[in-house]
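Colleague: No sequence on hand, only this structure:
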C-alpha cells in the first residue's frame, strides 16, 4: 500500500472518530440538558404551589355596619359564636388589629382613628398583654379604613398580608378561625435566570459513565 493511501485511510479514520466523538458529546450534553430541564420543571411547580398558597385569601373577621353602628362577627375554632357591638363610628377610620402567635393570626383589638390602640376594644382577654420576648410572638399587624353601610370582611393571605373588602348584598362568607401564616422566601423571583453552563468535564463524565 502506498504512503498516500495509508495517509488517506488514517485521515478518514480521524474524521470518523471526530464525528463519532462529536455525536457522542452532543448526546451527552442533550442528556444533561434534559435532566436539568426536568429539575427546573420540578422546582417551578414547587414554586407555583407555594405562590398559590401564599396569595390565597382567607376571610377571618366580618364587620357589619347597620344604621351607623359597627359590630364584628368573630369566629373561634368551634365556629362563629358571637357578634360584638362596638362604640365606634364606622364613618371614621376603623382599625382591626391582629397579632401573629404560634404561627397563627389572631384578632386582638378594634378601635377608631380617635382611640389609642391600648384603649381599643379588646377581642380576647388573653391577648391584652403580649410577651414580645417569647419566641412564639412574631409581630402585630393592622388593617383599616372608613366603612359604609353593609358588610365588610377582613382577609389574610398565606404570608400574613391583610385586606379589607366590602361584600355584595347577599354574598355568603365562610369565616376561618386563626389561620396559619408562613414564611415564603423570594417567591416572586425566577428560580433561575439561566441554566448553568455545562462544563467539558461534566460532559466527559457523562460520556464515559
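Modeller: Great, that's in hand. What you see is a predicted model; the values in this text were computed from it and never measured.

Colleague: what about the nearest residue to residue 183 once chain neighbours are set aside, which SS state?
Modeller: Leaving aside its chain neighbours, residue 183 sits nearest to residue 159 (7.5 Å; criterion: Cβ to Cβ, 6 or more residues apart in numbering). Yep, even glycine has a C-beta here, placed from its N, CA and C like the rest. Secondary structure state of residue 159, per DSSP: H, G, I helix; E, B strand; the rest coil, is coil.

Colleague: Surely residue 159 touches residue 182?
Modeller: Yes. If you go by Cβ atoms under 8 Å, residue 159 and residue 182 touch, sitting 6.9 Å apart.

Colleague: shared neighbours, the two?
Modeller: Contact with both residue 159 and residue 182 is made by residues residue 54, according to Cβ atoms under 8 Å, 6 or more residues apart in numbering.

Colleague: Could you give me the buried positions within stretch 154-168?
Modeller: The neighbour-count check on stretch 154-168 (16 or more other Cβ atoms under 10 Å) flags 154-158, 160, 162, 164, 166-167 as buried.

Colleague: swap in stretch 123-130?
Modeller: 123, 127, 130.

Colleague: swap in stretch 112-120?
Modeller: Residues of stretch 112-120 classed as buried: 112, 115, 120 (neighbour count, 16+ other Cβ under 10 Å).

Colleague: So what would you say the end-to-end distance of it is?
Modeller: End-to-end distance for stretch 112-120, by Cα to Cα, to the nearest Å: 8 Å.
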